[in-house]
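> Build the 3D model from these lines:
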Amino acid sequence: MNEQEKNIIKNEILDQLTPENNLSDDDLFEINGGRHVSFRTLRKYGFDLERITKLFLSRVNDDTASGLITFLKGLVSKGLAHLDGGAEFGAFISGMMGGTGGAIDSRGNAEFESVTVRSVMRVMELIINRVGAQESDTFFTESDTIETVTENGDGTFTLKVQEKYEGYFTAMTEGAVVKGVVNDLASGGKDYYTSWLRVNSVNAPANTIEVSVYPGEEVPAGRNFPPCELMKIVRWGHQTDTERQSLFYISSTEGRIVKLSGVTKPIIDIGNYEFALGTLPEELSRHAAVAVGDSGLYLKNLLYERSLQLDHLGNPLPTVRDRGPYDSAIFYYGGDTLREETQDYEQSDVWLYGCRWRCMVTGTKEEPSYKSTAWAFIEGNPEFTVEFAPVNTVYRASAIDMTLTVIAKLYNQDITGDIRSEDVVWTRYSEDSNGNPRPNSDNLWAINHVGAGKSVRITTADIDYSGGQLPKVVRFTATVTLRDGKSEEASMKIIEF
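Numbers count the residues shown, from 1 in each chain. As a prediction, this is how the structure comes out:
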């Protein structure tokens, strides 16, 4: 009994003592030099013994403490402990980030720092702070955990696998190619080891499999390891059963999601990949212009209804669509607007005068031409050409009267109307009857026709019959300049003997 309990009893007794029932020496007894009140004396004076006994907890009967009890050396319960209001551990503070200690409330909701599960954890729903994390590889295929390993002495091993539930037996079959991974974290290391095995036989009642270890030269790392206890093994492929030669896995170490098929051995090649998303398989670098470590999508077959491509800034890349001959009544797209009918960002191509043009401004009503910024020339004839309009006049050397008119074309379009009159220069070249050039006469003719424009009337006077002799050659030339810097000549031999 501690001092606090003694004081409680003392006070309970003193509260009931009165001057009329002062204790005498006969009412007391001595123990170890101290004088005490006996239960007989208390009964003699009518003290409430039931009230006093409630101040103590029974060691042999069921009892209830109305106050808080602190056990300085711990608490041991040989039977089932009921904590109706819950329990707290340590300096409990609730909170995902700043919480401390642990607690379990009356409804069974628990909050604590960490948990280690040595066998099986069953949950209805697993929520990890709304974020899931994958630190290793997850295989969607048959799998087992090795419980014990027995070396058979002939290079083979017998593996006893753990039962996942009552009545469980392994799904591994003879001929399966098995991959197993184990780490040395328990011994303070940080390395992972991969073991490649081939299943020789299966004993379903005993839940054991006999395996052989692949030689080092037949595994991806060039070195193989024997199986060991607690190693997780998965079916990687199968030597003969085609229905067991494919698997799907998510790998945080490789950084990709993969679907394999036709796997008959530990080492695979590009032909075994049906699908890969993330870091592309290294084998692709030997077959395509893909750098090792690049991310992307690889798949065996592709069927799709719609695709949108983005540039390096995240802007949609247009889908170029040939819309056929240009029609001013049709709405064309410049690649910056979603077309509802096709659900893509179309950039329209049209054809006009044998040339292909690409729309640069959505909804433009301008006709494609060299001077329109709403269209870009793609293919066709880009040449700037100049020719004379057909001359239907039948002339004689002694009676000439006709008109020469230039026709300018660009991208097969008549752009004569865009040529300025001052950008057409007329010249003449002629030779006398003996074949000698006549530069003075030709220069005089050119001076007289400065500013003539796009048409020149040619008469007998323009031939210049010097000395009454018919010139051997007379050639008229129109040099036409387009204001975008292009120039072209058109010439016509009127007389040539």
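> who are the neighbours of the lengthiest strand in the chain, in terms of helices and strands?
Using DSSP state E, we find that the single longest strand of the chain is strand 192-203. For strand 192-203, the packing partners by 3 or more CB pairs under 8 Å, 6 or more residues apart in numbering; DSSP states H and E come out as strand 176-183, strand 208-213, strand 232-238. Every residue, glycine included, has its C-beta placed from N, CA and C.
> could you dump those strands to a markdown table with distance to N381 and mean pLDDT?
As requested, those are exported to a markdown table (distance: least, CB to CB, whole Å; pLDDT from 0 to 100):
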| stretch | distance to N381 | mean pLDDT |
| --- | --- | --- |
| strand 176-183 | 63 | 89 |
| strand 208-213 | 72 | 96 |
| strand 232-238 | 60 | 95 |
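> For N109, find the nearest of these.
strand 232-238 (31.8 Å; CB to CB).
> Partner strands of the closest one, with direction?
Partners of strand 232-238 in the sheet, by DSSP bridges, are strand 143-151 (antiparallel), strand 176-183 (antiparallel).
> Check what contacts it and list those residues.
Identification of contacts with strand 232-238 by CB atoms under 8 Å, 6 or more residues apart in numbering yields 139, 141-146, 159, 171-173, 175-182, 195-197, 227, 244-247, 260, 262-266.
> Of those residues, keep whichever come out buried.
Buried residues within the contacts of strand 232-238, defined by neighbour count using 16 or more other CB atoms under 10 Å: 139, 141-144, 146, 159, 172-173, 175-182, 195-197, 227, 244-247, 260, 263-266.
> Now do the phi/psi pair for N448.
phi -70, psi -10 (degrees, to the nearest 10).
> if I pick it, what's in contact with it?
So N448 contacts nothing (CB under 8 Å, 6+ apart).
> mind checking how far it is from R428?
Applying CB to CB, to the nearest Å, the value for N448 to R428 is 10 Å.
> repeat for F139
90 Å.
> how about low-confidence regions in the protein?
Low-confidence segments of the chain, defined by pLDDT under 70: 1-55, 127-135, 184-191, 393-398, 467, 484-486, 488-497.
> So which residue is smack in the middle of it?
G278 (6.9 Å; CA atoms, centre = their mean).
> Just to check, that one is in contact with T253?
No. G278 lies out of contact with T253 (CB atoms under 8 Å); the separation is 11.3 Å.
> can I assume A91 is in contact with G101?
Yes. With contacts counted by CB under 8 Å, A91 reaches G101, the gap being 5.0 Å.
> okay, those two: which has more neighbours?
G101 (14 against 7; other CB atoms under 10 Å).
> Next, the buried residues of whichever strand or helix holds the more buried one.
For G101, the element it lies in under DSSP states H and E is strand 100-105. Residues G102, A103 are the ones in strand 100-105 that count as buried (16+ other CB under 10 Å).
> Same check on stretch 294-312?
For stretch 294-312, the neighbour count (16+ other CB under 10 Å) marks Y298 as buried.
> what does stretch 274-284 give?
E274, F275, A276, L277, G278, L280, P281, E283, L284.
> Then stretch 150-157?
Neighbour-count burial for stretch 150-157 [16+ other CB under 10 Å]: T156, F157.
> chain center to that stretch: distance?
Centroid separation for stretch 150-157 versus its chain: 46 Å, with CA atoms, centre = their mean, to the nearest Å.
> Show me the contact partners of that stretch.
In this structure, residues lying in contact with stretch 150-157 by CB under 8 Å, 6+ apart are V149, T158, L159, K160, L197, N200, E210, V211, S212, V213, P226, P227.
> Likewise for stretch 345-358?
Stretch 345-358 has contacts (CB under 8 Å, 6+ apart) with 308, 316-327, 332-339, 359, 367-368, 375-382, 411-413.
> let's go with 7 Å and repeat that
With contact meaning CB atoms under 7 Å, 6 or more residues apart in numbering, stretch 345-358 is reached by 316, 318-326, 332-339, 359, 368, 375-381, 411-413.
> Buried ones only from the residues you listed, please, as a PyMOL command.
Remark: buried members of the contacts of stretch 345-358, expressed as a PyMOL selection using 16+ other CB under 10 Å:
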select buried, resi 318+319+321+323+326+332+333+334+335+339+359+368+375+377+411+413
